[in-house]
Structure formats: structure tokens, C-alpha cells
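Colleague: kindly generate the corresponding structure for this input.
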Amino acid sequence: MGEAGNRVSSTSTSTWRLLEVPVDLNLFWMKFNILHIYFDWRAISLHINCINRILNINCINSLTLIRTQLVRSKRDRAR
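Modeller: The predicted model follows:
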């Protein structure tokens, strides 16, 4: 009985020790906020990359269109 009682008390104290580790809520919230900001920036940078790709594609299409128009105008002038 005494041995079982010791086991129970040791388990309960170890559980309390586990619970005491993240007692510093400021540290917890600081880490949480840092992760939150990091993932927000990741999402923002992914959106920026997508927008840049779309703009680059549009820019390339515009340049191609301008180039074809220049080639056509030169061809028309040559006639």
C-alpha cells in the first residue's frame, strides 16, 4: 500500500512538473506570435510571387505583341 501510494504521488508530481514547464505564458505567446508573423509573411510572399508571375507573363505577352506589331509595320513599309 505504501509503495503504491509512493507511485501515485511520484506520478502526480511528475505530471505537475510537466504542467509547470509552460507556466511562462508571455514566452508562449511570444513564440506563438513569432510563428504567426512568420507564416503570415510566408503567405504574403507567396501571394507576391504569384502576382509577380502574372505580371511577368502579361509583360512578356505585351512585349511579344509589340514586337509582332513592329515586325508587321516594317513589313508593310517594305512593300
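Colleague: for R77, give me its contacts.
Modeller: By C-beta atoms under 8 Å, 6 or more residues apart in numbering, R77 lies in contact with nothing. Every C-beta, even on glycine, is put in place using the N, C-alpha and C of the backbone.
Colleague: and it, what element?
Modeller: Using DSSP states H and E, R77 sits in helix 25-78.
Colleague: so for that helix, what's the average pLDDT?
Modeller: What helix 25-78 shows for mean pLDDT is 83.
Colleague: I'd like the numbering to begin with 719 instead of 1 from here.
Modeller: With 719 as the first residue, the last one maps to helix 743-796.
Colleague: how far out from the middle of the chain is it?
Modeller: 16 Å (C-alpha atoms, centre = their mean, to the nearest Å).
Colleague: next: stretch 779-797.
Modeller: Centroid separation between stretch 779-797 and its chain, computed with C-alpha atoms, centre = their mean, is 43 Å.
Colleague: buried sites along that stretch?
Modeller: Across stretch 779-797, burial judged by 16 or more other C-beta atoms under 10 Å covers no residue at all.
Colleague: go ahead and produce PDB holding the CA coordinates of it.
Modeller: C-alpha atoms of stretch 779-797 as PDB (Å, rounded to 0.1, in the frame of the first residue of the first chain):
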ATOM      1  CA  ASN A 779       2.800  38.900 -73.800                       C
ATOM      2  CA  SER A 780       2.700  42.700 -74.200                       C
ATOM      3  CA  LEU A 781       6.300  42.700 -75.400                       C
ATOM      4  CA  THR A 782       5.600  39.900 -77.800                       C
ATOM      5  CA  LEU A 783       2.600  41.800 -79.100                       C
ATOM      6  CA  ILE A 784       4.600  45.000 -79.600                       C
ATOM      7  CA  ARG A 785       7.400  43.100 -81.300                       C
ATOM      8  CA  THR A 786       4.900  41.400 -83.700                       C
ATOM      9  CA  GLN A 787       3.400  44.800 -84.500                       C
ATOM     10  CA  LEU A 788       6.800  46.300 -85.200                       C
ATOM     11  CA  VAL A 789       7.700  43.400 -87.500                       C
ATOM     12  CA  ARG A 790       4.300  43.900 -89.300                       C
ATOM     13  CA  SER A 791       4.800  47.700 -89.600                       C
ATOM     14  CA  LYS A 792       8.400  47.100 -91.000                       C
ATOM     15  CA  ARG A 793       7.000  44.600 -93.500                       C
ATOM     16  CA  ASP A 794       4.200  47.000 -94.500                       C
ATOM     17  CA  ARG A 795       6.800  49.800 -95.100                       C
ATOM     18  CA  ALA A 796       9.000  47.500 -97.100                       C
ATOM     19  CA  ARG A 797       6.100  46.800 -99.500                       C
END
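Colleague: please consider this matter closed, and thank you.
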